[in-house]
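A.B. asks: build me a model from this:
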Amino acid sequence: MNYYKDWNKHLWPPFTQIATTSPPERVIAGHGALLIRDKAPTLIDGISSWWVTLHGHAEPTVASAIEKQAKQLEQVIFADFIHPQAELLGERLSSLTGLQRLFFSDNGSTAVEVALKMACQWWHNHGEQRTQIIAFEGAYHGDTFGAMALGERNLFNAPFEKMLFPVTRIPWPATWWGDTEIEKKEEFVLSQLDNSLKKPTAAVILEPLVQGAGGMSMVRPVFLQKLEKLVSESGALLITDEVLTGFGRCGTLFAYQRAGIKPDLISLSKGLTGGFLPMGITMASEKIFKAFVGEEPSLTLWHGHSFTANPLGCAAANASLDLLEAHPERYESFESRHLPHLESLANHPKVSKIRLTGTIAAFDLNVPGQQGYLNHAGKALKAYAIEHGVFIRPLGNVVYLLPPLCITDEQLEKCYEVIKSGVDILI
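C.D. replies: Residues are numbered from 1 along each chain as shown. Coordinates of the predicted model:
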C-alpha cells in the first residue's frame with residue numbers, strides 16, 4: 001500500500017519512507033511519561049521521544065526555568081558576549097566531568113563534529129600530522145558528513161560513500177546475558193585495536209557502554225578500561241560520544257564514569273536540556289584547549305553556530321542538572337526496576353541476547369529474514385504496542401525500552417506486558 005497521498009503535504013519526517021509508512025497521529029500535549037494524542041487514547045512514551053525526554057514531558061522545573069530566562073535574555077552572539085546561564089553551566093559540567101572547557105553547538109551530530117575537528121586540529125597545531133581516526137563497527141555518531149564518516153557504512157549513508165573520509169573500523173565486542181564467548185571476543189578486538197594503533201592515530205571515538213542506533217549493543221567496562229590503556233599508550237586522543245549515554249542513562253551521570261575511563265573529549269546532547277531544547281556541547285580537557293591559544297590565527301578553532309550557548313537552552317540544562325543532583329536515585333536505581341521484567345523474559349523462546357545498562361533495556365527477537373534495522377518484525381510490534389497504549393520504536397528485530405526517569409512502576413510494567421503479549425501474538 002502506498003501511503004504517500006495520506007501524509008501532511010508540507011512535512012518531511014526523519015528516517016521514514018512515507019510511501020510504505022502510515023501517517024503519524026497528532027500529539028497535542030505531554031505530561032510525565034505520557035503522550036496525549038488528538039483523537040486517540042494516551043500513550044506511554046517508552047523511548048523518551050527518541051531518547052531526549054529525560055525527566056518527563058512538560059516537566060515544570062525545566063519549563064519554568066525556560067520561561068524565566070525568556071523574559072530576561074533569549075539569545076546573544078556568543079563570539080562577543082557571555083551570559084550567566086552559560087557561565088553557570090560551564091562551571092557545573094566542568095566540575096562534574098573534570099574536563100575544563102565547553103564548546104557549544106546545536107545537537108549531537110554537531111557536538112561530534114566539533115570533537116572530531118578539535119582532535120584533528122590539536123595534532124595539526126602541534127605540528128604532527130596524525131590523520132587516522134579509529135571508530136567501531138555498528139557505531140552511529142550522527143548524520144552530518146563528519147559524523148556519517150565515523151558511523152557504520154550502510155543503506156543510510158550509501159549515496160554519500162565516495163564523499164566520506166576513510167576511517168579505520170574495529171569490531172565491537174557486544175555482550176548479553178549468558179554470553180560465554182565475551183572474553184574471547186574482547187581479546188580479539190583489543191588485538192586488532194593494538195595493531196591499528198601502530199599507525200599514528202589522531203583519535204579513537206566510541207559510544208561508551210552502549211551503541212544506541214546500532215541496536216542498543218552493550219560492552220563491559222573492563223573492555224573499555226583495556227581499550228583506554230592501549231589508546232593512551234599510543235598517544236591518540238579518546239573521544240566518548242555521550243549524546244545518548246550521558247545524564248544518567250547508564251546508571252551514573254556519565255557512562256564513561258561507570259566504565260572507569262577518562263576521555264580527552266566528550267560529546268553531549270539529547271538529555272542535556274532534559275529534552276526541552278536542541279543543544280550540543282563538546283567538553284575538552286585543558287590540555288586540548290591550550291593548543292588552540294596563541295597569536296597565530298591558524299591556531300584558532302574556526303567553528304561556530306548561530307545559536308551557540310543559547311540562553312534558553314543553557315537555562316534548561318541548568319534546571320535539568322538541578323533535578324539530577326536533587327534525585328540521583330532516579331537514574332542510579334533504574335536498572336533494578338528493569339531487572340525483574342527482563343528476568344521474566346529470559347526463557348522466552350522468541351527472545352534472545354537480553355542486555356541491560358542503567359535505564360536502557362534491550363533484547364533481540366528470534367525472527368527469520370534480514371537481521372537488523374530493516375527487519376519488519378519491529379514495525380509490526382510497534383504498531384501493536386501503539387494500539388495497546390505504549391509507544392516503542394524497535395530497531396528492526398531489536399526491542400528496547402528507554403523511558404523517562406519519571407515513569408511509574410505501573411507504567412513500566414504495562415510497557416513490558418504489552419511488549420510480551422505482542423511478541424507472543426505476532427512473532
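A.B. asks: can you classify the residue lying farthest from the centre of the chain by secondary structure?
C.D. replies: Within the chain, Glu295 marks the point farthest from the mean C-alpha position, 36.8 Å out by C-alpha atoms, centre = their mean. What DSSP: H, G, I helix; E, B strand; the rest coil gives for Glu295 is coil.
A.B. asks: quick one: it and Pro404, what's the gap?
C.D. replies: 49 Å (C-beta to C-beta, to the nearest Å). From N, CA and C alone the C-beta is placed, and that goes for glycine too.
A.B. asks: cool, Leu395 as well?
C.D. replies: Distance of Leu395 to Pro404, given as C-beta to C-beta: 19 Å.
A.B. asks: before we move on, what about His126?
C.D. replies: To Pro404, His126 is 43 Å away according to C-beta to C-beta.
A.B. asks: and if you look at Gly246?
C.D. replies: 15 Å.
A.B. asks: over to Gly294?
C.D. replies: 45 Å.
A.B. asks: do the same with Asn347
C.D. replies: For Asn347, the distance to Pro404 - C-beta to C-beta - is 29 Å.
A.B. asks: what about these two, which has more around it?
C.D. replies: Pro404 (28 against 7; other C-beta atoms under 10 Å).
A.B. asks: tell me the contacts of that one?
C.D. replies: Gly32, Ala33, Asp45, Ser48, Thr53, Leu54, His55, Gly56, His57 (C-beta atoms under 8 Å, 6 or more residues apart in numbering).
A.B. asks: strands along the stretch 251-400 of the chain, start to end?
C.D. replies: 265-268, 280-284, 351-357, 360-365, 390-391, 398-401 (DSSP state E, counting those that start in this stretch).
A.B. asks: what sits up against the second one?
C.D. replies: Residues outside strand 280-284 that contact it (C-beta under 8 Å, 6+ apart) are 93-94, 97, 99-111, 114-115, 118, 243, 264-269, 272.
A.B. asks: ok so, going back, relative to Met216, which of the strands of the stretch 251-400 of the chain is closest?
C.D. replies: Between Met216 and the strands of the stretch 251-400 of the chain, the tightest spacing by C-beta to C-beta is seen for strand 360-365, at 3.7 Å.
A.B. asks: closest to Glu335 out of the strands of the stretch 251-400 of the chain?
C.D. replies: strand 351-357 (6.1 Å).
A.B. asks: partner strands of that closest one, with direction?
C.D. replies: Here strand 351-357 is paired, per DSSP bridges, with strand 360-365 (antiparallel).
A.B. asks: how distant is the strand it pairs with from the center of its chain?
C.D. replies: 16 Å (C-alpha atoms, centre = their mean, to the nearest Å).
A.B. asks: where does the residue nearest in space to the middle of the chain land on pLDDT?
C.D. replies: The centroid of the chain falls nearest to Leu244 when counting by C-alpha atoms, centre = their mean (1.9 Å). Looking at Leu244, its pLDDT reads 98.
A.B. asks: now do the SS call for it.
C.D. replies: Assigned by three-state DSSP, the conformation of Leu244 is coil.
A.B. asks: quick one: it and Trp50 touch, right?
C.D. replies: No. The pair Leu244 / Trp50 is not scored as a contact, 9.7 Å apart, by C-beta atoms under 8 Å.
A.B. asks: thought Ile182 was touching Val222?
C.D. replies: No. Between Ile182 and Val222 there is no contact under C-beta under 8 Å: 9.6 Å.
A.B. asks: and this protein, what are its domain boundaries?
C.D. replies: 4-58+333-426, 73-326 (automatic domain parsing).
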